[in-house]
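1. any chance you can model this:
(one chain, ligands or ions: 1)
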Amino acid sequence: MIRSPHHLLIALVAVAPLAFTGVAACGGKSDESAATAPKSAEERRAAITANQIFSERCVTCHGERGQGDGPGSAALDPKPRNFTDHAWQQSVTDEHIEKIIKFGGSAVGKSAAMPANPDLQSKDSVVVALRQLVRRLGR
Ligand code: HEC
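-> Model prediction:
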């Protein structure tokens, strides 16, 4: 149970600056972001966890804004995906993004440098929230 919505909001703002960049840049809440905004308590918790995981695991390679330019990207070929690439965003399904997050690049015919996340394979709500984060970075 979330006991204090206010507390949750502070936590969200603290851990999720990336997630809200797009909204702020648009000068307000767009219909699109409202439609995909986390709603249930479980979805909100999953979104917080996803933001933490993104900072801890993904930023190293994909960069803070998902532009594929994290510190770990220098030595990689192919480079980590640039999530702000609109053409790429349109070319992949949600299922594809969720699969590569769970099972890694080699599972979808991509670079094995993109690691699997075995601990998330049974946590669909967190994987969905990570995929939503990847999508938001592309807006
Ligand atoms: C060790 C570096 C590394 C880390 C850490 C990493 N990635 Fe990647 N990722 C890559 C590379 C390299 C590619 C490009 C693979 C290719 O194009 O063959 C990639 C590709 C992707 C793609 C695009 C797949 C496609 O079909 O183009 C997604 C989505 C993705 N990563 C999500 C994530 C998420 C979410 C995390 C954190 C949970 C993460 N990655 C962590 C290196 C990394």
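2. host element of V59?
-> helix 59-62 (DSSP states H and E).
3. isn't A116 right up against K99?
-> No - using Cβ atoms under 8 Å, A116 is not in contact with K99, being 10.1 Å away. Placement of C-beta: from N, CA and C, glycine included.
4. who touches both of these two?
-> A107 (Cβ atoms under 8 Å, 6 or more residues apart in numbering).
5. the helix holding V59: what's the following helix or strand?
-> Immediately after helix 59-62, counting by DSSP H and E, sits helix 86-91.
6. who touches that following helix?
-> 81-83, 135, 138.
7. which two among those residues are spaced furthest apart?
-> N82 and R135 (13.7 Å; Cβ to Cβ).
8. not counting sequence-adjacent ones, nearest residue to R135?
-> Q89 (6.9 Å; Cβ to Cβ, 6 or more residues apart in numbering).
9. so what pLDDT did the one you found get?
-> pLDDT recorded at Q89 is 98.
10. this protein: helices as residue ranges?
-> Under the criterion DSSP state H, helices of the chain are mapped to 5-15, 17-25, 31-36, 41-53, 59-62, 86-91, 94-103, 124-137.
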